[in-house]
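> What would the 3D arrangement of this be:
(chains A and B)
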Amino acid sequence: MFNLDWRLFRRGFVTLLPLWLVAAPFAVTYVIAARTAEVTPWQAQLLSLTLYSAAAQLAMMQLLASGTAAWTILLTMVVMNLHQLLYGLSIRKQIRPTAGSYPLLAWWLTDAAYGVAIADPRHQNVSFLLGAELSIFIAWNLCTALALWFGRLLSQFDLSQVSFIAPLTFFLLLVGVVKSRIDLAVVGFSVALTLLCMVLGLGRVAVVLVAIGGGLFGMWLSGLVERG
Amino acid sequence: MDTVWVLMVAAVLVYLCRLSGFVLNIQQSSAALARFLAFVPLAVFSALVVPSLTREPELLTVKLLALAAGGLVMRLSKQLGLGIMAGLLIYLWLTY
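Residues are numbered from 1 along each chain as shown, chains lettered A, B, ... in the order given. Prediction:
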């Protein structure tokens, strides 16, 4: 399938260890929502293993609990994860994995693993990406299992503060990849577009809209600078 | 509604979203596509940070200070992990 560089694999795995702390409060929230939606513990765990998306799983539990129609739930899941199509394109371009690795890379793909692998040229490697992906996959499923077992105990603690790690990590990744005024302009445009999406109630699809809008804006601006 | 059926179909659909980018037969050598994809990470990271800053407006200043501290430590140390720790510690200290 591919040759695994264990050193890079370990580095990828370790790089995302701080995000294990974020998985815990989300897992508790997800499990509580699953109970409200009358989803059994094994169904909740199976969803973490297969669908494997904290935001989408939480949204699904809320929609199930409110009696939303199945097709609406399924459409929401697609819309919330459509931006990952762009991740696959980007990974093929930058990291060039072999076709044999696509199924596994796709199954464990998340925003964080993609972010740390793409942001640094030293990390643009299949082994690093797999290590990062596996790290978060284990964290999410372990925390789901622990929340299912010890949910009532954990819900007594206020774990909301540590969830700040997620936006903090993405901000730091952003700081790492901004290298020019064009990059800065794309960030400014993307921030404005995100705020617009939120004002218009498009929060659930903001990531895919901003990914496409920001990418197009950057493509246009860099083309303009090149020609000018 | 059979919940198990919905869960499984949802899992398959999300997996197909992730896999499609890897297997779509799009001309990779296009310079325009390369430029577009180069800016996608910037756009995505921005979209993932902004909602958390607007969620609790009373904590905006605290979050900005924590982000700035984390960014500074990361720039100086060139270590993502240290930047995360610094930013989180500042955030926890200011919200204590």
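
> in the helix or strand containing A:Trp220, what's buried?
Element membership for A:Trp220, per DSSP states H and E: helix A:206-227. By 16 or more other CB atoms under 10 Å in any protein chain shown, the buried positions in helix A:206-227 come out as A:206-219, A:221-222. Heads up, the C-betas are built off the backbone N, CA and C, glycines and all.

> What sits closest to the most centrally placed residue in chain A if chain neighbours are left out?
Centroid-nearest residue in chain A, with CA atoms, centre = their mean: A:Asp111, separated by 2.7 Å. In this structure, A:Asp111 finds its nearest non-sequential neighbour in B:Leu48, 6.1 Å apart by CB to CB, 6 or more residues apart in numbering or on different chains.

> Show me what whichever strand or helix holds the one you found is packed against.
Take DSSP H and E as the rule and B:Leu48 turns out to sit in helix B:31-55. Contact partners of helix B:31-55 among helices and strands, from 3 or more CB pairs under 8 Å, 6 or more residues apart in numbering or on different chains; DSSP states H and E: helix A:84-94, helix A:111-119, helix A:165-177, helix A:181-199, helix A:206-227, helix B:60-77.

> Outside of the longest one itself, list whatever touches it.
Outside helix A:206-227, the residues within contact range by CB atoms under 8 Å, 6 or more residues apart in numbering or on different chains are A:79-80, A:82-83, A:86, A:182-183, A:185-186, A:189-190, A:193-194, A:197-198, A:202, B:32, B:35-40, B:42-44, B:46-48, B:51.

> again, only this time at 6 Å
By CB atoms under 6 Å, 6 or more residues apart in numbering or on different chains, the surrounding residues in contact with helix A:206-227 are A:82-83, A:86, A:182, A:185-186, A:189-190, A:193-194, A:197, B:35-36, B:39-40, B:43-44, B:47.

> how big is the angle separating that helix from helix A:111-119?
In terms of direction (axes from the mean of the first three to the mean of the last three CA atoms, to 10 degrees), helix A:206-227 departs from helix A:111-119 by 10 degrees.

> same thing with the last one?
Using the same axes, to 10 degrees, the direction of helix B:60-77 lies 40 degrees away from that of helix A:111-119.

> buried stuff in the helix or strand bottoming out on mean pLDDT in chain B?
Ranked by mean pLDDT, DSSP states H and E, the weakest helix or strand in chain B is helix B:31-55, scoring a mean of 85. Residues of helix B:31-55 classed as buried: B:33, B:35-53 (neighbour count, 16+ other CB under 10 Å).

> and the gap between the residue in chain A positioned nearest to chain B and A:Cys143?
Residue nearest to chain B within chain A: A:Gly88 (2.0 Å; CB to the nearest CB). A:Gly88 sits 26 Å away from A:Cys143, taking CB to CB, to the nearest Å as the criterion.
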